[in-house]
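Trainee: This is the structure alone, sequence omitted:
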């Protein structure tokens, strides 16, 4: 009875997906799909390889195939054949509503070939909110006519006004190690001039990256950081969130959200305990871990206080990912918490309460999202 | 029958708690208690947070509530209300004897507001021994009239004579990375003069920290290191014990004990295998991991030889912690070892023997503690 | 039925052991045997310790004792007594064939006191292939009369022609951090002269190490790296494979195989996803983890694509290790995959297919080994 009640509660709880990107908006070939099942590789998969022969590939066949009318564990060729009978918009309208997500926080920093916020809302039958990528603001300021700092401040202020939060991909632009203090106005002016001279594309200048982070702290809305696992342009060694310690000590009240975190989820949990304003999620990692996601989700439940853990899918591209993140999270949190309850370490009531905290209550508080409905799936 | 025999053995085995601090000696409010459930944060918990909504908070409600006559998983408000009906001395006399610990090794380096060694012994009905903190010896030598090095040596020699071992909190005073060789006498003289000029408080001078470590090696009693997880004054990245490699190669015969170790328990286990004189425990971490402690305890049982693993609670403040460490260790070691036995990897007899090694035999050998009783709980 | 079918498949599958060394060729005493159960320590075990009181020691008693006619979990003294009744050649002829390995890839870089390739083949009733250690080639070139670079190239070319691959122990010769680009011809000439002047023993010169790696890339056969856990001459902190990122970006098409990987198996799995030419195994670690090997094997199945994972024992010395690696891998992969199947995350057919990939198909493709038999044990 206990197990059934918890399973039912988890299956029914609504989610706030606090970090994701658009799903594809236009058709593509099988190579595009298989490559999208590999996050880390920036080159086309080798001939001998297949994106299906991964934990993510197996998870899609297990969890997504039934939504397309296929049997569980459908063969890759059958899955691709069936998927190919739908447009990306149709796939989105199948997978996004099935995720049970009421609110999507959309990182619009890289949007080529993917749906915009409006389509995410329409296709999912949910609400969508923007997360503003700081490096994109910088690139916009670089090509604006006025003073770089003033332009950055103006653009960020305007875009953040209607947004849920901001995001930094510093992990992809040099990593977390090294100085992250606020640069002086003069340093910013000099660095901006140098960068503009070189065309103002793909910001990697450390001074300007630091400037952007401190401007985001001033805005005060939650600041998300890509942490850990991503594609190989990110040096995983320098994406260890422990390098952020000094920055976090200076961050004041602005919430900082550590995204993905693999394989540093235990370090991230420590930071969530150490700083009142630090949060973490396991988006992206959960999808790519597939059958191993439960072990990862259990590790997210170590040092991090339960009011500091949030949910995301980090879906990008295939609409499957926006659904699968939710399916695997529900599966994994059930595995972890039912274990705690069965062993007598947690009460059932506490388990259900923690599910609600992670699923939507923490994110609603953090991003000041109104919760109109009752906590059950939309 | 197997499972029952192992469970019974673990429930009954006496422990040597080889690293802890005093429990509170005077009354405090609920904020003090809730903040004590968060180790890493050095600021008061945020208004939206609660120390109860953590693995440690849940573990206290599960394991400690019954000792206060409450039902398992009692609500936080009920737990606090009930706890508040006792003095800290009364709580200590409930929780400390219940831990089944025969000998407590008390780190006296930070003792504000907590019981002294005598009270630990009295309240627990056990024996208590001192562990001398090196940085405290340094601070005592700094305010002594004579030559710093002579004073350090004299104080350490006097205090260590009656003590079980020494301890370093180098992890909190700059971290493990960098030079840890022995400084020259001249370097010590110069550094001591400089430090005394600035008042001789809170030692962070690297030369004097290094000097203290090498003096402790000379004393020859086990030298404990805070490793990994602690409050955020410790840079967790620099508390990786792998930075100690060169120091350990020079340490000679003096035993070195790596405390806590999260999230570096696998690295610490490696060092325990690599060096005849290196030991490890999982104190502090076990309490804060609560329902996740079994997974951590299992990882402590990887590369570390079984004669090199010891037990501690690292309890500090709430007397619950001195009991809970033992309760969670008994629970976790049972989970791990019964798994090994059920899978046919270990014999039941070996499992029981390893329990005894970790519970008290290794520590008794290491600290030269007489074992008068038979290995069952005091 | 499912569980039985998977168990039967795993028990019967043949393996390619893609990285190992010779087993002992001559008799030794109990101290040699016990010390061989500790990988990390380079000194004799302390008097109070025993190599048997480790996960590896327990695993040998559980899994190897029956092959010597002893009961499972035989006492250490009985195990040693019985083992001592056989010659090392006889032990090899018991344990090697029992591993179910068709092909052994023998690292011949350190061969003192162990069997050569011919004996490995003869005693195992299998095929054996050489893996050429680059640092040994360097040491051969150092004592050759001609130009160092020409001699290195000539020796490597000759030895690699008949070999399956090459191997680097850079982890033992300074670690992965720092520059790994190709040095200029002049730099090599200067460094070689300097090294030859000092006798040309034990290569630690960074320029020549880098030179060797890039020559191996030119040869094009798979290049194996010792990664992570090993003896304490290797600084485990600098054996983190993430330091290899820049090297891997430059490595082109030559396959790179990350060996052992503990405690960096998740980082290694990430690299296997990030680079088309990167592979990983868990040899050595699996033996030393014993009852904990299943958890490690499960972590190897996280980010690494399933066509990029290979098997090895890294057996060296006791012939038990060449068998035990296989026994523990079979045991651990069964634990992990049966869990995935039971939870509905994987199909049984996929689980069996992934077993075949890791057991021999990936290695056969990687090393271009002919598969004459049908995939069942030799």
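Mentor: Alright, I've got the coordinates. Treat the numbers as computed from the prediction; the structure is a model and nothing was measured. Numbering: from 1, shown residues only, chains lettered A, B, ... in the order given.
Trainee: going forward, measure contacts and count neighbours with C-alpha atoms only.
Mentor: OK.
Trainee: In contact with the closest residue to chain B within the stretch 201-350 of chain A, which residues are there?
Mentor: Closest contact between the stretch 201-350 of chain A and chain B, by C-alpha to the nearest C-alpha, is at residue A:274 (3.9 Å). With contacts defined as C-alpha atoms under 8 Å, 6 or more residues apart in numbering or on different chains, residue A:274 is in contact with B:38-42, B:231-232.
Trainee: give me the subset of those touching chain A.
Mentor: Counting by C-alpha under 8 Å from any C-alpha of the partner chain, B:38-42, B:231-232 from the contacts of residue A:274 sit close to chain A.
Trainee: could you dump these to TSV with neighbour count and pLDDT?
Mentor: Putting the ones next to chain A among the contacts of residue A:274 into TSV (neighbours: other C-alpha atoms under 10 Å in any protein chain shown; pLDDT from 0 to 100) gives the following:
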residue	neighbour count	pLDDT
B:38	27	97
B:39	19	96
B:40	21	95
B:41	21	96
B:42	15	94
B:231	18	95
B:232	20	95
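Trainee: what's the closest of those to chain C?
Mentor: Taking C-alpha to the nearest C-alpha as the measure, chain C lies nearest residue B:232 of the ones next to chain A among the contacts of residue A:274, at 22.3 Å.
Trainee: Not counting sequence-adjacent ones, nearest residue to residue A:251?
Mentor: Sequence neighbours aside, residue A:217 is the residue nearest to residue A:251 in space, at 6.6 Å (criterion: C-alpha to C-alpha, 6 or more residues apart in numbering or on different chains).
Trainee: Surely that neighbour forms part of a strand?
Mentor: No - counting by DSSP: H, G, I helix; E, B strand; the rest coil, residue A:217 falls outside a strand, being helix.
Trainee: Tally up the residues packed near it, please.
Mentor: 19 (other C-alpha atoms under 10 Å in any protein chain shown).
Trainee: my read: it touches residue A:250, true?
Mentor: No - in terms of C-alpha atoms under 8 Å, residue A:217 does not count as a neighbour of residue A:250; the distance is 9.6 Å.
Trainee: List the residues that contact residue A:223.
Mentor: Contacts for residue A:223 (C-alpha under 8 Å, 6+ apart) come out as A:165-168, A:216-217, A:254-257.
Trainee: got the contact list for stretch A:43-51?
Mentor: A:34-38, A:57, C:276, C:305, C:307.
Trainee: so which residue of the stretch 51-200 of chain A comes closest to chain B?
Mentor: Checked against chain B (C-alpha to the nearest C-alpha), the nearest residue in the stretch 51-200 of chain A is residue A:177, 11.1 Å away.
Trainee: And the pLDDT at that residue?
Mentor: Note on residue A:177: pLDDT of 97.
Trainee: Please report phi then psi for the nearest residue to residue A:358 once chain neighbours are set aside.
Mentor: Spatial nearest neighbour of residue A:358, excluding adjacent residues (C-alpha to C-alpha, 6+ apart): residue A:310 at 4.8 Å. Main-chain torsions, residue A:310, degrees, to the nearest 10: phi -130, psi 170.
Trainee: Same check on residue A:256?
Mentor: According to degrees, to the nearest 10, residue A:256 has phi -120, psi 130.
Trainee: quick one, what contacts it?
Mentor: Residue A:256 neighbours (C-alpha under 8 Å, 6+ apart): A:222-225, A:277-279.
Trainee: Show me what it is bridged to.
Mentor: When assigned by DSSP bridges, residue A:256 has beta-bridge partners residue A:223, residue A:278.
Trainee: Look up how far residue C:67 lies from it.
Mentor: According to C-alpha to C-alpha, to the nearest Å, residue A:256 stands 57 Å off from residue C:67.
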